Each structure stands twice: as C-alpha cells, then as structure tokens.
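Participant: this one's structure only:
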C-alpha cells in the first residue's frame with residue numbers, strides 16, 4: 001500500500017506554522033492544501049475539541065467572506081489529531097502568499113464576540129461542542145507567537 005505523504009513528515013520535529021501539505025490538479029486548476037499547524041505535535045497539549053470546533057466555525061465564516069480571498073477558499077476544517085487545521089484553496093500557492101490572510105483570520109477569531117455562526121442545532125451536528133473563550137485564547141496565542149513573527153522554519157516541513 002502506498003504511503004500517504006503527510007504521514008512521512010517527521011511530526012517530532014514539526015513546528016507551528018503554515019505548510020503546503022499537497023498540491024493537486026483538478027480540472028486543469030491547482031488546489032493547494034495548507035497545513036495550518038497550531039501546536040507542535042507530540043510535544044504540547046492539543047487544541048481542545050470545543051475550541052477547535054469554534055475556530056472551525058469562525059475561521060470558515062471569515063475566510064468565505066474575505067473580499068480578496070473568498071473566491072479561492074474551498075475548505076477549512078480541523079485535523080483529526082487536534083493540532084491544527086487544513087485549508088484548501090484554488091491556485092498554486094505557497095505559505096508566504098497567505099500569511100497576511102492567516103493573520104487576519106486568527107485576529108478575527110481572537111477578537112470575536114457574540115454568537116458563534118452556525119452554532120445552533122439546525123445548523124451544526126454537534127452544536128453543544130463549542131468553547132469561544134478557549135478558541136479566542138488559542139487563536140491569540142497562535143497569532144502572536146507564530147503568525148506575527150513567522151520565519152522560514154515555520155513554512156517549510158522539516159527535512
């Protein structure tokens with residue numbers, strides 16, 4: 001059986017950051033899958049499920065409404081390991097291309113107040129699993145510790 005490329009990344013050396021997980025050609029167009037890694041795998045606690053679920057709702061809402069990027073957003077969703085999110089976008093893109101977008105997205109989450117979009121029983125399959133205070137805390141931590149000071153090692157998978 002063929003190995004999945006993302007399972008070949010040394011997660012014990014992976015830092016928080018923005019990485020290109022893969023690029024696929026679909027209908028003659030490139031789709032870039034980004035690994036938005038909020039936690040260092042196997043070395044720090046993961047993002048709590050309620051916080052990650054709230055980040056999913058808020059980030060997806062922000063991204064699909066961003067005037068510059070909304071037409072390129074395909075999907076935003078949490079990783080099963082709870083250490084980050086995947087972002088799929090139309091276009092042949094690199095991490096440096098979306099640093100500003102990620103800064104704006106995580107600032108939106110960190111500053112969000114009010115009702116979480118789509119967090120009602122008719123809109124969400126697990127509407128009770130939300131934690132806005134922790135989502136805001138995790139977003140602010142990622143924004144200030146990683147996105148606002150991002151370096152090459154936070155945008156290139158370890159060799």
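Facilitator: Happy to help now that I have it. These numbers come from a predicted model, not from an experiment. Residues are numbered from 1 along each chain as shown.
Participant: low-scoring stretches of the chain, by residue?
Facilitator: Within the chain, the ranges that satisfy pLDDT under 70 run 3-5.
Participant: give me the distance from the longest helix belonging to the chain to the chain's centre.
Facilitator: Longest helix of the chain, by residue count under DSSP state H: helix 95-111. Between the centre of helix 95-111 and the centre of its chain there are 10 Å (Cα atoms, centre = their mean, to the nearest Å).
Participant: helices and strands around it, which ones?
Facilitator: Counting contacts by 3 or more Cβ pairs under 8 Å, 6 or more residues apart in numbering; DSSP states H and E, helix 95-111 is packed against strand 17-26, strand 29-37, helix 49-63, helix 132-145. Every residue, glycine included, has its C-beta placed from N, CA and C.
Participant: tell me which strands and helices the second one is in contact with?
Facilitator: Spelled out, that is strand 29-37. strand 17-26, strand 84-90, helix 95-111.
Participant: do the same with the third one
Facilitator: Here helix 49-63 is seen to pack against strand 73-78, strand 84-90, helix 95-111, helix 132-145 when contacts are counted using 3+ Cβ pairs under 8 Å, 6+ apart.
Participant: would you mind listing the buried residues in it?
Facilitator: Within helix 49-63, the residues that count as buried by 16 or more other Cβ atoms under 10 Å are 50-63.
Participant: tell me the two of these that are most distant?
Facilitator: 50 and 63 (20.4 Å; Cβ to Cβ).
Participant: tell me, how many residues neighbour residue 138?
Facilitator: Residue 138: 22 surrounding residues under other Cβ atoms under 10 Å.
Participant: return the residues in contact with it.
Facilitator: 38, 47, 51-52, 55 (Cβ atoms under 8 Å, 6 or more residues apart in numbering).
Participant: show me the two of the residues you listed that sit farthest apart.
Facilitator: The distance between the two most remote of these (Cβ to Cβ) is 9.8 Å, for 38 and 51.
Participant: against residue 2, how distant is the spatially most central residue of the chain?
Facilitator: Most central in the chain under Cα atoms, centre = their mean is residue 85, positioned 3.4 Å from the mean C-alpha point. Plainly put, residue 85 is 25 Å away from residue 2 if you go by Cβ to Cβ, to the nearest Å.
Participant: could you do residue 57 as well?
Facilitator: Distance from residue 57 to residue 2, counting by Cβ to Cβ: 34 Å.
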